[in-house]
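Trainee: show me the folded form of this:
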Amino acid sequence: MSLMVAKKLIRDLKKNGYQAYLVGGVVRDFLMRKEFSDIDITTNAKPFDVMKLFKTIPTGLKYGSVTVLYEDYKFEVTTFRKDGPTCDFRHPDSVIYSSEVKDDIERRDFTMNGILMDERQNIYDYIGGQQDIHDKVIRAIGDPNARFNEDALRILRALYFQSKLGFSIEPKTKQAMMDHRLLIANLANERVHAELIKILQGKYLKLALETMVETRIHEVLPGLEKGILFTSKLEQMPFIDTFFSLSFTLNNGVIPSVWTFSNIHRHKYLKASEVALKVPGMVDNVTLYHYGLETCLLANKVNYYLGKSKHLSKIITKVYDELPIKSELDLALSSQEIMTIMNKKAGSWLGNLKKEMINDVLTKHVLNTKESLTKYLEKKRG
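Mentor: Purely as a prediction, here's the structure:
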């Protein structure tokens with residue numbers, strides 16, 4: 001439906017004397033008969049011309065882009081442009097508008113993303129993109145060295161498309177990815193992180209990981225080097241949480257600060273790698289109690305992939321369900337009752353004693369009943 005609306009928008013631009021085309025992923029996915037989400041339009045209308053014609057949000061004015069709100073849809077509309085030099089290896093320092101759509105195509109990333117389509121579904125392909133889609137090849141437009149120097153994120157984008165589509169990467173493009181891999185360090189950590197997550201979600205992840213190793217890109221992703229190298233040789237690809245936990249286990253439990261994980265995810269991977277390093281096989285009751293079921297299951301998956309353990313998720317879950325105690329609140333005696341039995345006022349001793357009691361309940365040295373715990377404490381009181 002949104003494609004039909006986008007065609008109407010192009011017709012409106014043309015009625016006002018401008019050129020306009022669909023470009024990028026939408027055309028690629030249309031030709032591949034795949035679903036698409038974002039629809040990009042390129043035009044020779046300048047941003048302020050577009051803003052006069054439609055309701056817009058000035059999302060990327062300095063890069064010649066505006067978001068057009070049109071019949072309940074949002075479309076990114078960008079003016080034909082050439083890119084000036086870049087200092088940050090991500091964004092051009094200046095944008096030079098062009099009246100020629102070919103100029104706009106030649107500054108884009110890969111041939112499969114540089115095909116144009118008009119409102120009548122006529123295709124305009126100036127860079128052999130259709131052939132590369134047919135041949136399942138990812139090829140930089142023009143000089144790959146220039147493309148990656150303009151925007152180093154394209155190195156990771158090539159891996160993302162490989163992971164998503166299963167295409168091979170053309171040799172010169174692959175060589176340029178290797179030659180310019182150190183530029184990745186200049187990118188914002190958040191962008192690298194976000195692109196990596198997308199790579200890890202791809203159907204053809206193994207292929208992308210093999211390319212990472214071949215191009216030595218894995219060496220510029222701190223703390224993931226050994227994880228990528230190891231995972232690239234596996235037949236069965238792990239899920240994202242397992243991949244990161246496995247990588248950081250192989251990195252001796254260290255998570256470099258460059259990775260912009262949420263506190264929840266950072267804690268999860270830290271604890272899972274801690275357990276994986278500490279307990280290669282079946283976890284005991286004490287470990288399960290302190291680390292929790294989710295962390296212990298994740299640690300087991302890591303050790304399963306590392307060949308150190310069998311897949312024990314059912315057994316671990318059963319043992320967790322049967323734990324005699326799952327939190328301090330489950331103790332059969334309250335803090336007040338413990339103080340009464342021990343005939344002592346509250347203090348740091350109480351917390352230490354409760355930890356000891358919990359440990360002895362978990363290791364089955366004492367039953368978690370009022371009677372057993374009372375006898376246990378009376379013995380300690382002497």
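
Trainee: and the one helix or strand Ile264 maps to, what's buried?
Mentor: For Ile264, the host element (DSSP states H and E) is helix 263-278. Across helix 263-278, burial judged by 16 or more other Cβ atoms under 10 Å covers 266, 268-277. For every residue, glycine as well, the C-beta is placed using N, CA and C.

Trainee: can you list the neighbours in contact with stretch 10-18?
Mentor: Contacts with stretch 10-18, where a contact means Cβ atoms under 8 Å, 6 or more residues apart in numbering, come from 19-22, 41, 43-45, 49-50, 53-54, 118-119.

Trainee: contacts made by whichever strand or helix holds Ser245 with the rest, please.
Mentor: For Ser245, the enclosing helix or strand under DSSP H and E is helix 240-250. Identification of contacts with helix 240-250 by Cβ under 8 Å, 6+ apart yields 197, 200-201, 223-224, 226-228, 230-231, 237-238, 254-255, 265, 268-270, 272-273, 276-277, 298-299, 301-302, 305-306.

Trainee: quick check: angle from that helix to helix 263-278?
Mentor: Compare the direction of helix 240-250 with that of helix 263-278 by axes from the mean of the first three to the mean of the last three Cα atoms, to 10 degrees and you get 50 degrees.

Trainee: number of residues surrounding Leu234?
Mentor: Leu234: 13 surrounding residues under other Cβ atoms under 10 Å.

Trainee: ok, for it, nearest residue in space, not its chain neighbours?
Mentor: The shortest distance from Leu234 to any non-neighbouring residue, by Cβ to Cβ, 6 or more residues apart in numbering, is to Tyr305 (6.6 Å).

Trainee: residues contacting the one you found?
Mentor: 230-231, 234, 238, 242, 246.

Trainee: returning to what we had before: identify each buried residue in the helix or strand just after the helix holding Ile264, please.
Mentor: The C-terminal neighbour of helix 263-278 among helices and strands, as given by DSSP H and E, is helix 285-291. Buried residues in helix 285-291, counted by 16+ other Cβ under 10 Å: 285, 287-289, 291.

Trainee: let me know the closest of the residues you listed to Thr59.
Mentor: Distance to Thr59 across the buried residues of helix 285-291 (Cβ to Cβ) is lowest for Tyr291, with 43.9 Å.

Trainee: okay, and for this structure, where does confidence drop off?
Mentor: For the chain, the stretches with pLDDT under 70 are 1, 83-94, 382.

Trainee: could you pull out the strands in the chain for me?
Mentor: Using DSSP state E, the strands assigned to the chain run over residues 20-23, 40-43, 55-60, 65-70, 73-79, 81-83, 95-97, 116-117, 123-124, 137-138, 168-169.

Trainee: can you put these in JSON lines and add mean neighbour count and distance to Met212?
Mentor: Putting the strands of the chain into JSON lines (neighbours: other Cβ atoms under 10 Å; distance: least, Cβ to Cβ, whole Å) gives the following:
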{"stretch": "strand 20-23", "mean neighbour count": "25", "distance to Met212": "28"}
{"stretch": "strand 40-43", "mean neighbour count": "22", "distance to Met212": "28"}
{"stretch": "strand 55-60", "mean neighbour count": "14", "distance to Met212": "30"}
{"stretch": "strand 65-70", "mean neighbour count": "19", "distance to Met212": "31"}
{"stretch": "strand 73-79", "mean neighbour count": "20", "distance to Met212": "29"}
{"stretch": "strand 81-83", "mean neighbour count": "19", "distance to Met212": "27"}
{"stretch": "strand 95-97", "mean neighbour count": "16", "distance to Met212": "32"}
{"stretch": "strand 116-117", "mean neighbour count": "22", "distance to Met212": "32"}
{"stretch": "strand 123-124", "mean neighbour count": "15", "distance to Met212": "33"}
{"stretch": "strand 137-138", "mean neighbour count": "22", "distance to Met212": "14"}
{"stretch": "strand 168-169", "mean neighbour count": "20", "distance to Met212": "11"}
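
Trainee: in TSV: those, plus distance to Arg157.
Mentor: What follows is those, written out as TSV (distance: least, Cβ to Cβ, whole Å):
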stretch	distance to Arg157
strand 20-23	16
strand 40-43	15
strand 55-60	18
strand 65-70	18
strand 73-79	17
strand 81-83	16
strand 95-97	20
strand 116-117	20
strand 123-124	23
strand 137-138	9
strand 168-169	11
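
Trainee: among the ones you listed, which is nearest Asn352?
Mentor: strand 55-60 (57.5 Å).

Trainee: how deep is Lys310 tucked in, by neighbour count?
Mentor: If you count neighbours by other Cβ under 10 Å, Lys310 ends up with 11.

Trainee: err, Pro280, not the other one
Mentor: 15.

Trainee: who touches it in this structure?
Mentor: 303, 308-309.

Trainee: ok, and the most crowded of the residues you listed?
Mentor: Asn303 (22 neighbours).

Trainee: would you agree that residue is in contact with Ala276?
Mentor: Yes. If you go by Cβ atoms under 8 Å, Asn303 and Ala276 touch, sitting 5.4 Å apart.

Trainee: hang on, the earlier thing: reformat the buried residues of helix 285-291 as TSV; add distance to Ile358.
Mentor: Output for those, formatted as TSV (distance: Cβ to Cβ, whole Å):
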residue	distance to Ile358
Asn285	10
Thr287	13
Leu288	12
Tyr289	7
Tyr291	14
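
Trainee: wait, which of the residues you listed is closest to Asn343?
Mentor: For the buried residues of helix 285-291, the residue nearest Asn343 by Cβ to Cβ is Tyr289; the value is 28.5 Å.

Trainee: distance of the nearest residue to that closest one once chain neighbours are set aside from Val286?
Mentor: Of all residues not flanking Tyr289 in the chain, Leu362 sits nearest, at 5.5 Å (Cβ to Cβ, 6+ apart). Using Cβ to Cβ, to the nearest Å, Leu362 is found at 5 Å from Val286.
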